[in-house]
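J.: I would like the atomic coordinates for the input below:
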Amino acid sequence: MATEWRKEAVDVLGEERFLLDPASREKLSKDYYWYSPVLEPLLREKLADGIAAPTDERELAAALAFAYRHRLPVTVRGAGTGNYGQAVPLEGGIVLDASGLNRVLEIGPGYARVQCGVRMGALEKQAREQGQELRIYPSTFMKATVGGFVCGGSGGIGSISWGNLWDGNVLEATVYTLEERPRRLTVKGEELLPYIHNYGTTGIVTEVVIPLAPRAEWVQSVVSFERFDDALAFSQALAGEGSIRKRLVSTVEWPIPAYFKPLAKALRQGAAAALLETEAGSEEAVSSLAAVCGGAVAHVIPPERYRQGIGLSDFTWNHTTLWALKSEPTITYLQADFALERVTEQARRLKDAFGDEVLLHLEWIRVSGELVPTALPLVRYTTESRLYDIIAFCESIGVVIYDPHTWILEDGGRGEANVMQRKKRENDPLGLLNPGKLRTEGA
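T.: Predicted coordinates:
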């Protein structure tokens, strides 16, 4: 039977659109789940039976109808830069590689309409050429696709000004259902909730409309501090300063800066650092604020060199973890929200309890307009039990943890799980879309 459906898949989609070779199946069945030493042994052997690689919606709809007819699981992927096994097929079946749907359909005043496979770096370049720019994007934006970010991400660079995906950063989506005759839906407003950060469990997003911001000229700077507490105080003050337009306020304690090898000449040995993107003309204000907090600007990349070679955002968000892994392969990370009014106290308690076993890395963002010290602290991993002891301690002092060591949406703590479950039943009656990623499936 398996041989028969594979032959039919090639007949339906064509040899170039349905891949069966071992190399393609191996490569396209993986994402960055290996950031987690908990997930790595559980997911390393998971493999799709075949890869559907459509280049338009007609081919995609044909692949979905075929999967429904043969009761085959379908796991959608973009560039595969997610960290939780979002794009790993737990039950085999078909991985639907959506990166071939990669056309920019329209850039208008304040918005872009794109297919899901458009790379965010390419869209940023095109938007800036037209006097606009992305509002938010992940540190993986040169590889990450718009659809992958919307369906697997939450926030990133720009979130200090524009919030996360739920803060009006998705305007509209085109979604396909997995039924005998797949429906093409257009969703807006509150209807978007089941499709944001959904891992492709409730429908296949093929087209997205996202808002754009007016283009700014960004200056990047590194500010050094002898004490992490001072770096934290500076970052909080800058993040809350409404007169300075900003895209990035990232704060790391030593030795995290030591992992940033390409920035070695710009970083002071033993010093905590704040990595910033602020609007050109803000340099004096940033320098003055740094001095008040006991720091000094150690490195500046002027606006004319923005996006020319490596930038500071390449060392922030989860790229911080990637640089650390290059030096210490046993390192992993957590995702957390500290409390604004308690962030210094919580940071000190965490350090008192775990010392250099936990290294602090905060990213300042806004959520629903409110300033939030979100964090991706590094953990020198020893055992799963010890990792969850650290998580339990964080929660005991009021630090909210979004567990990055699970592929279960509800356990990861982001997204609208209850809303997703209702929509999954409506759009995916056989439960074939990325099965196993929603704990409440079948409930």
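
J.: now the strands for the stretch 101-250 of the chain?
T.: 104-108, 111-115, 132-134, 172-176, 184-188, 204-214, 218-225, 246-252 (DSSP state E, counting those that start in this stretch).

J.: tally of neighbours for residue 57?
T.: For residue 57, the number of neighbouring residues by other Cβ atoms under 10 Å comes to 17. Glycine gets a C-beta too; all of them are placed from N, C-alpha and C.

J.: ok, it to residue 206 distance?
T.: Distance, residue 57 to residue 206, using Cβ to Cβ, to the nearest Å: 6 Å.

J.: overlap in contacts, these two.
T.: Listed as contacting both residue 57 and residue 206 by Cβ atoms under 8 Å, 6 or more residues apart in numbering are 101, 176.

J.: rewinding a little: go through the strands of the stretch 101-250 of the chain and name the closest to residue 329.
T.: strand 246-252 (19.2 Å; Cβ to Cβ).

J.: direction included, what does the very next helix or strand once past that closest one pair up with?
T.: Remark: after strand 246-252, the chain's next helix or strand is strand 272-279, criterion DSSP states H and E. Strand 272-279 has the following sheet partners, assigned by DSSP bridges: strand 218-225 (antiparallel), strand 246-252 (antiparallel).

J.: which of the ones you listed sits closest to residue 306?
T.: Evaluated with Cβ to Cβ, these place strand 218-225 nearest to residue 306, the distance being 5.3 Å.

J.: which residues touch the closest one?
T.: 231, 234, 247-248, 263, 266-268, 271-280, 282-283, 286, 290, 293-303, 306, 311-313.

J.: what about residue 347, neighbour count?
T.: Quick note: residue 347 (other Cβ under 10 Å) scores 24 neighbours.

J.: kindly report the same for residue 38.
T.: Count around residue 38 with other Cβ under 10 Å applied: 18.

J.: so how far is stretch 393-408 from its chain's centroid?
T.: Relative to its chain's centre, stretch 393-408 lies at 17 Å (Cα atoms, centre = their mean, to the nearest Å).

J.: then stretch 289-300?
T.: Centre to centre, stretch against its chain (Cα atoms, centre = their mean), the figure for stretch 289-300 is 29 Å.

J.: pLDDT of it, averaged?
T.: Taken as a whole, stretch 289-300 has an average pLDDT of 97.

J.: quick check: end-to-end length of that stretch?
T.: 16 Å (Cα to Cα, to the nearest Å).

J.: SS state for residue 42?
T.: Put simply, residue 42 is helix when judged by DSSP: H, G, I helix; E, B strand; the rest coil.

J.: tally of neighbours for it?
T.: Neighbours around residue 42, by other Cβ under 10 Å: 16.

J.: cool, and residue 181?
T.: For residue 181, using other Cβ under 10 Å, the count is 9.

J.: who wins for proximity to residue 358 among the strands of the stretch 101-250 of the chain?
T.: strand 246-252 (12.6 Å).

J.: mean confidence for the closest one?
T.: Mean predicted lDDT for strand 246-252 stands at 98.

J.: got it, and stretch 108-119?
T.: pLDDT averaged over stretch 108-119 gives 98.

J.: what's in contact with it?
T.: 78-79, 98-107, 123, 127, 132, 141-148, 150, 171-172, 205-212.

J.: and what of stretch 377-395?
T.: 37-38, 256, 320-321, 324, 328, 330-334, 336, 350, 353-354, 356-361, 401, 403, 405.

J.: list the buried ones in it?
T.: 377, 378, 379, 380, 381, 387, 390, 391, 393, 394 (16 or more other Cβ atoms under 10 Å).

J.: would TSV of the residues you listed with secondary structure and pLDDT be doable?
T.: Shown next, in TSV, are the buried residues of stretch 377-395 (DSSP: H, G, I helix; E, B strand; the rest coil; pLDDT from 0 to 100):
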residue	secondary structure	pLDDT
377	coil	98
378	strand	98
379	strand	98
380	strand	98
381	coil	98
387	helix	98
390	helix	98
391	helix	98
393	helix	98
394	helix	98
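
J.: now whichever strand or helix holds residue 345: buried residues?
T.: Using DSSP H and E, residue 345 falls within helix 343-354. Buried residues in helix 343-354, defined by neighbour count with 16+ other Cβ under 10 Å: 343, 346, 347, 349, 350, 351, 354.

J.: same check, this time on stretch 124-134
T.: 124, 127, 128, 132, 133, 134.

J.: which residues of the stretch 1-150 of the chain score low on pLDDT?
T.: Residues of the stretch 1-150 of the chain meeting the criterion pLDDT under 70: 1-3.

J.: ok, now with 50
T.: The model of the stretch 1-150 of the chain has pLDDT under 50 over residues 1.

J.: where along it do the helices fall?
T.: 2-13, 22-27, 40-43, 57-69, 120-129, 146-152 (DSSP state H, counting those that start in this stretch).

J.: nearest the geometric middle of this protein, what residue?
T.: With distances taken as Cα atoms, centre = their mean, residue 153 lies nearest the centre of the chain, 3.6 Å away.

J.: would you mind measuring from that residue to residue 291?
T.: 36 Å.

J.: residue 427 - nearest residue in space that isn't next to it in sequence?
T.: Sequence neighbours aside, residue 177 is the residue nearest to residue 427 in space, at 4.1 Å (criterion: Cβ to Cβ, 6 or more residues apart in numbering).

J.: dihedrals phi and psi, the one you found?
T.: phi -90, psi 170 (degrees, to the nearest 10).

J.: again with residue 317
T.: Dihedral angles for residue 317 - degrees, to the nearest 10 - are phi 50, psi -140.

J.: contact partners for the nearest residue to it once chain neighbours are set aside?
T.: Leaving out its chain neighbours, the residue that sits closest to residue 317 by Cβ to Cβ, 6+ apart is residue 139, at 3.9 Å. Applying Cβ under 8 Å, 6+ apart, we find residue 139 in contact with 156, 157, 313, 314, 316, 317, 318, 319.

J.: cutoff 6 Å now
T.: Shown in contact with residue 139 (Cβ atoms under 6 Å, 6 or more residues apart in numbering): 313, 316, 317, 318, 319.

J.: for these, which one is nearest residue 42?
T.: Nearest to residue 42 among those, with distances taken as Cβ to Cβ, is residue 318, at 19.8 Å.

J.: measure the closest one to residue 303 for me?
T.: In terms of Cβ to Cβ, residue 318 sits 26 Å off from residue 303.

J.: same drill for these two, tell me which one is more crowded.
T.: residue 318 (23 against 13).

J.: what's the distance between the more buried one and residue 329?
T.: 16 Å.

J.: which one of the strands paired with strand 272-279 lies closest to residue 181?
T.: Taking those one by one with Cβ to Cβ, strand 246-252 is closest: 43.9 Å.

J.: thanks again, I'm all set now.
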